[in-house]
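Undergrad: please find the sequence and the predicted model below.
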Amino acid sequence: MDLQQALSALEGSAIARAVSKSDHMVGASLQIVHIIGFVLLLSSLVLVSLRLLGKALTEVPVERVAREAHRLSWIGLALALVSGVLIFIATPRLYAGNLAFQTKISLFIVASIFQLAWFRRVATSGPRHPAVVRFSVAATLVLWFGVGLAGRVIGFI
Amino acid sequence: MNPEVPSWLAGIHAWAERIEFSPLGVAIAESRYAFLLIEGAHLIGLAFAVGLLFVIDLRVLGVFLRDVPVRRVIGSLRPWVLGGFAVIFVTGILLFWSAAGRLVLSPAFPLKLLLIALAGVNALYFELTLARSGAGRQDLALPRSARAAGLASLVLWSLVIVFGRLIPYLPAWT
């Protein structure tokens, strides 16, 4: 089965038909959940980044901010992922061929790997070299805001 | 595009179209690069302003960083929230400039502006309540009225996002 066939099969699935046949306000609601989830994810990353750089909440240990922000990022990610998958499967072939969507998914994969394999370690265990912290913060923010921006562009190209 | 502009909206629509088709409006709308930069800055501003405000609201409600004094969380994040709002307002006005004619036709757009105004009034009320309840105190829990304002902030800003996204979906005024 190649990608096109897989996408067609996905499109024909019961859940995909349920989403695509529903009122367009269902699609709008899914997008709203997607955006709010993503804002939660971004804001918790911004919070940890500001703390790592010593620009906010300096009297609270980094590990504590990271631990609490961590829960918030998982909630945000869960909301964004579930709604995102539902939006995608309704018209998978439309999205799969979209350059902005492809960029978004590639950035999302890189950002997730960076987050789990590197950034989380920097945030939860010291000691931290200032240059390492600056690089990690810059990379994670560029990657995740890149995901958001690429997502915003999907409808415009 | 939309020939049936209701008469009560005609004046505003004509004004908005003049803005949209002004040199600046056309320049933003036609330059993919400028449009992308402004959208990107708007998104970054959103994550700082509304995102960190969500963090503050969650602290006010006692579900986030609950053993850190509320005033410290707010004091520490306030400059970033305000900076984010400055970016959102400037980029938001530029985005409006490039699509004004279409925007004023959607009922979701004035609703979004109204909700932003309400959220602003709510924030002011919250700040006053906080100031009245003792500016120097390092308490961990806030008076009920301040917590209610925190919840209202969470709901109002979520609704701002909701109506922003609904702009292209809600049927135009008739």
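TA: Yep, that arrived.
Undergrad: measure B:Ile12 to A:Phe108 for me?
TA: Applying Cβ to Cβ, to the nearest Å, the value for B:Ile12 to A:Phe108 is 40 Å. C-beta here means a position set from N, CA and C on the backbone, and glycine is covered the same way.
Undergrad: who has more neighbours, these two?
TA: A:Phe108 (20 against 15; other Cβ atoms under 10 Å in any protein chain shown).
Undergrad: which non-adjacent residue is nearest that one?
TA: Spatial nearest neighbour of A:Phe108, chain neighbours left out: A:Val147 (5.0 Å); criterion: Cβ to Cβ, 6 or more residues apart in numbering or on different chains.
Undergrad: for the strand or helix carrying the one you found, name the packing helices and strands.
TA: Using DSSP states H and E, A:Val147 maps to helix A:130-153. Packing partners of helix A:130-153 (3 or more Cβ pairs under 8 Å, 6 or more residues apart in numbering or on different chains; DSSP states H and E): helix A:24-52, helix A:99-114, helix A:120-124, helix B:32-46.
Undergrad: what residues does chain B have near chain A?
TA: Counting by Cβ under 8 Å from any Cβ of the partner chain, the residues of chain B lying close to chain A are B:32, B:35-36, B:39-40, B:43-44, B:46-48, B:50-52, B:54-55, B:58, B:64-65, B:68, B:72-73, B:76-77, B:80, B:158, B:161-162, B:165-166, B:169.
Undergrad: quick one: mean pLDDT for stretch A:95-108?
TA: The average of the pLDDT scores along stretch A:95-108 is 95.
Undergrad: meant to ask about stretch B:74-84
TA: 96.
Undergrad: after the longest helix seen in chain B, next one along is what?
TA: Secondary structure of chain B read by DSSP state H shows that its longest helix is helix B:70-103. The helix or strand immediately downstream of helix B:70-103 is helix B:108-132, counting by DSSP H and E.
Undergrad: and the next helix or strand past that following helix?
TA: By DSSP H and E, the next helix or strand past helix B:108-132 is helix B:144-166.
Undergrad: give the buried residues for the helix or strand of chain A with the lowest mean pLDDT.
TA: When the helices and strands of chain A are scored by mean pLDDT, DSSP states H and E, helix A:14-21 comes last with a mean of 78. Buried residues in helix A:14-21, counted by 16 or more other Cβ atoms under 10 Å in any protein chain shown: A:Ala16, A:Val19.
Undergrad: again with stretch B:158-170
TA: Neighbour-count burial for stretch B:158-170 flags B:Ser158, B:Leu159, B:Val160, B:Ile161, B:Val162, B:Phe163, B:Gly164, B:Arg165, B:Leu166, B:Ile167 (criterion: 16+ other Cβ under 10 Å).
Undergrad: got JSON lines for these, with pLDDT too?
TA: Formatted as JSON lines, the buried residues of stretch B:158-170 follow (pLDDT from 0 to 100):
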{"residue": "B:Ser158", "pLDDT": "95"}
{"residue": "B:Leu159", "pLDDT": "96"}
{"residue": "B:Val160", "pLDDT": "96"}
{"residue": "B:Ile161", "pLDDT": "93"}
{"residue": "B:Val162", "pLDDT": "93"}
{"residue": "B:Phe163", "pLDDT": "94"}
{"residue": "B:Gly164", "pLDDT": "91"}
{"residue": "B:Arg165", "pLDDT": "90"}
{"residue": "B:Leu166", "pLDDT": "91"}
{"residue": "B:Ile167", "pLDDT": "89"}
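Undergrad: can I get the residues you listed in JSON lines with distance to A:Ile75?
TA: Shown next, in JSON lines, are the buried residues of stretch B:158-170 (distance: Cβ to Cβ, whole Å):
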{"residue": "B:Ser158", "distance to A:Ile75": "14"}
{"residue": "B:Leu159", "distance to A:Ile75": "19"}
{"residue": "B:Val160", "distance to A:Ile75": "20"}
{"residue": "B:Ile161", "distance to A:Ile75": "16"}
{"residue": "B:Val162", "distance to A:Ile75": "18"}
{"residue": "B:Phe163", "distance to A:Ile75": "23"}
{"residue": "B:Gly164", "distance to A:Ile75": "21"}
{"residue": "B:Arg165", "distance to A:Ile75": "19"}
{"residue": "B:Leu166", "distance to A:Ile75": "23"}
{"residue": "B:Ile167", "distance to A:Ile75": "26"}
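Undergrad: which of those residues lies closest to A:Phe88?
TA: Of all the buried residues of stretch B:158-170, B:Arg165 has the smallest distance to A:Phe88: 17.1 Å, by Cβ to Cβ.
Undergrad: please list all residues in contact with that closest one.
TA: With contact set as Cβ atoms under 8 Å, 6 or more residues apart in numbering or on different chains, B:Arg165 has these partners: A:Ala28, A:Gln31, A:Ile32, A:Ile35.
Undergrad: for PyMOL, what selects the buried ones among those?
TA: Only the buried entries of the contacts of B:Arg165 go into this PyMOL selection, using 16+ other Cβ under 10 Å:
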select buried, chain A and resi 28+31+32+35
